[in-house]
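*Asks:* Got a predicted model here, sequence first, then my questions.
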Amino acid sequence: MPLERREIAPEKMKEQMDVCRRLQAALGPGERFAMVDTYGCQQNESDSEVLRGYLRAMGYAITDDEEKADVIVVNTCAVREHAQMRVFGNVGALSHIKRVHPERIVVLCGCMAQSEAIREQVKRSYRMVDLCFGPHELWRFPELLERTIRVHGLSGNTSRVFEATDTETVAEGLPRARDGSVKAWLTIMNGCNNFCTYCIVPYVRGRERSRRSADVVAEARELVEAGYKDITLLGQNVNSYGRGLNEDVDFAALLRKINAIPGDFRIRFMTSHPKDATETLFAAMAECEKCAPHIHLPVQSGSDRILKAMNRHYTREKYLSVVETARRYIPELVLTTDVIVGFPGETEEDFLDTLRLTEEVEFDSMFTFIYSRRPGTPAAEWPDDTPRAVIQERFDRLLQSANAVSARLHKAQEGKTVRVLIDGLSKNGEYNLSSRTGGGRLVHLRGPEDLIGQWAEVKITDSNTFALFGEKL
Ligand code: SF4
């Protein structure tokens, strides 16, 4: 059953850009600054590029200094309780700026703002927030900011704008101010249909909507022409790309189309769901020479009982067979994963199943999380009587094992020559540059700063749990 796509008409997008110009004219000459503070995942980083793009079109210079920002935007994440608490702490701390400069504008947006309970809390207890809107409203940020500035007036915080609808949209032509000039995010889809029982994403970001392949390919081409060399295709579940589109395209086909763009660049993607990671995908990865030999394949648990409770739609055996297929097609594959420890009802036996699976697969790196209860998700209602100390002890054991595996795999890289893309500065002792291998391994090296943005052949001379160290040849 095709999903409903609600596309924002090009005229509507044009209206938003007209608002940007109108605001710029109304605010008059003089320097103005805006800051965007981002929490959470790459999807949010990508949304922040749009926020900055719009702010620039309104005439704001982007700053990291909240003391001088006329507009402070906090782009929030709802995936973990800890991140949410940090947002509230940091937003609360902005009251000192509002006391001295009541004319300044504080915006809270992103996933947290999609929750009605959170919006009520912000209305009641975070009076310094002038505008609060959810992720579905991102495309009309200029219109909302203009309304806020109008109701806000010059006197300060008397009236505020709160906006969040459930209209799941696909918008093209969003302006973007990208960070850096080497690596770029490219959102290919939004939302998720999977409803893993611990995850809030489908409730805040809505159901899956893919962008048309022609729009994605055109944006990829622009990035390559602008000199970007590392493009990461983003979506909550990129492997289901294409569902609901009126064209015969899937993620493997999209990879091939992007791979056909002339130029020396790399294609990455995240995140993949094991249930949708098929042989067709691995065949396309093997065939596309620009596709990085890396897959982030979140396993979450190694226990069939817990995987079922999580609604992940695969078993431990199925996951292992997906890994086996992937490695058959791409022998040099770098495999990374996410694991949740302490899901409600997890026993020691369940945990040992996870530990054994991760040791069997040997992930290059693992992102390990302690389960975070998200109100509104099914798992939040389930009894969770494992003592915190027991969960912490399991987490520590898993981390120790993961680190040992990473260190061992990194050690095996010593003496090899690898091609890397030098992507920035490193603060690692005498190593001043950072770079990534095709598989995404971090390599620190030495050299002049003007090497940033260039490919290099590097001999790996040393390693630790988290990175490799090398000499440029
Ligand atoms: S696949 Fe599951 S964990 Fe990932 S975003 Fe969708 S619901 Fe959340």
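*Replies:* Perfect, thanks for sending it.

*Asks:* Show me the strands in the stretch 351-473 of the chain, by range?
*Replies:* 365-370, 417-428, 431-437, 442-445, 455-463, 468-472 (DSSP state E, counting those that start in this stretch).

*Asks:* Enumerate every residue touching the closest residue to residue 454 other than its chain neighbours.
*Replies:* Distances taken as C-beta to C-beta, 6 or more residues apart in numbering put residue 422 closest to residue 454, at 5.5 Å, once the chain neighbours are dropped. Backbone N, C-alpha and C define where each C-beta goes, glycine included. Residues near residue 422 by C-beta atoms under 8 Å, 6 or more residues apart in numbering: 433-435, 445, 447, 451-456.

*Asks:* Would you mind measuring from residue 422 to the ligand?
*Replies:* 32 Å (C-beta to the nearest ligand atom, to the nearest Å).

*Asks:* Bridging across strands, which residues link to that residue?
*Replies:* residue 435 (DSSP bridges).

*Asks:* any idea how far it lies from residue 280?
*Replies:* Residue 422 sits 33 Å away from residue 280, going by C-beta to C-beta, to the nearest Å.

*Asks:* same check, this time on residue 11
*Replies:* With C-beta to C-beta as the criterion, residue 11 and residue 280 are 38 Å apart.

*Asks:* neighbour count winner among those two?
*Replies:* residue 280 (13 against 7; other C-beta atoms under 10 Å).

*Asks:* In contact with the more buried one, which residues?
*Replies:* Contacts of residue 280 by C-beta under 8 Å, 6+ apart are 250, 252.

*Asks:* Quickly find the element holding it.
*Replies:* In this structure, residue 280 sits in helix 279-287 according to DSSP states H and E.

*Asks:* So for that helix, what gets flagged as buried?
*Replies:* 281-282, 284-286 (16 or more other C-beta atoms under 10 Å).

*Asks:* follow-up on the earlier one: out of the contacts of residue 422, who's nearest the ligand?
*Replies:* residue 434 (28.3 Å; C-beta to the nearest ligand atom).

*Asks:* Run through the stretch 51-200 of the chain and note the low-pLDDT ranges.
*Replies:* Judged by pLDDT under 70, the stretch 51-200 of the chain has its weakly predicted residues at 152-159.

*Asks:* related to what we said a few turns ago, next, format the strands of the stretch 351-473 of the chain as JSON lines and append mean pLDDT.
*Replies:* Formatted as JSON lines, the strands of the stretch 351-473 of the chain follow (pLDDT from 0 to 100):
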{"stretch": "strand 365-370", "mean pLDDT": "95"}
{"stretch": "strand 417-428", "mean pLDDT": "93"}
{"stretch": "strand 431-437", "mean pLDDT": "96"}
{"stretch": "strand 442-445", "mean pLDDT": "97"}
{"stretch": "strand 455-463", "mean pLDDT": "97"}
{"stretch": "strand 468-472", "mean pLDDT": "96"}
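
*Asks:* Of the ones you listed, which is nearest residue 218?
*Replies:* Among those, the nearest to residue 218 by C-beta to C-beta is strand 417-428 (23.3 Å).

*Asks:* Which positions in the closest one come out as buried?
*Replies:* 418, 420-423, 426, 428.

*Asks:* For the ligand, give me its nearest residue in the stretch 251-400 of the chain.
*Replies:* For the stretch 251-400 of the chain, C-beta to the nearest ligand atom, closest residue to the ligand: residue 273, 5.1 Å.

*Asks:* Kindly provide the distance from that residue to residue 314.
*Replies:* 9 Å.

*Asks:* and if you look at residue 445?
*Replies:* 39 Å.

*Asks:* what does residue 45 give?
*Replies:* 28 Å.

*Asks:* swap in residue 417?
*Replies:* Residue 417 is 37 Å from residue 314, by C-beta to C-beta.

*Asks:* swap in residue 416?
*Replies:* From residue 416 to residue 314 the distance is 33 Å (C-beta to C-beta).

*Asks:* So for those two, which sits in the more crowded spot?
*Replies:* Counted by other C-beta under 10 Å, residue 416 and residue 314 do not tie: residue 314 has more neighbours, with 20 against 12.

*Asks:* Give me the secondary structure label for the more buried one.
*Replies:* Three-state call for residue 314 (DSSP: H, G, I helix; E, B strand; the rest coil): coil.

*Asks:* wait, doesn't it sit right on residue 304?
*Replies:* No: with contacts defined as C-beta atoms under 8 Å, residue 314 does not count as touching residue 304, sitting 9.3 Å away.

*Asks:* and the lengthiest helix in the chain, what other elements does it pack with?
*Replies:* Criterion DSSP state H: the longest helix present in the chain is helix 388-411. When contacts are defined as 3 or more C-beta pairs under 8 Å, 6 or more residues apart in numbering; DSSP states H and E, helix 388-411 sits against strand 334-341, helix 348-361, strand 365-370, strand 455-463.
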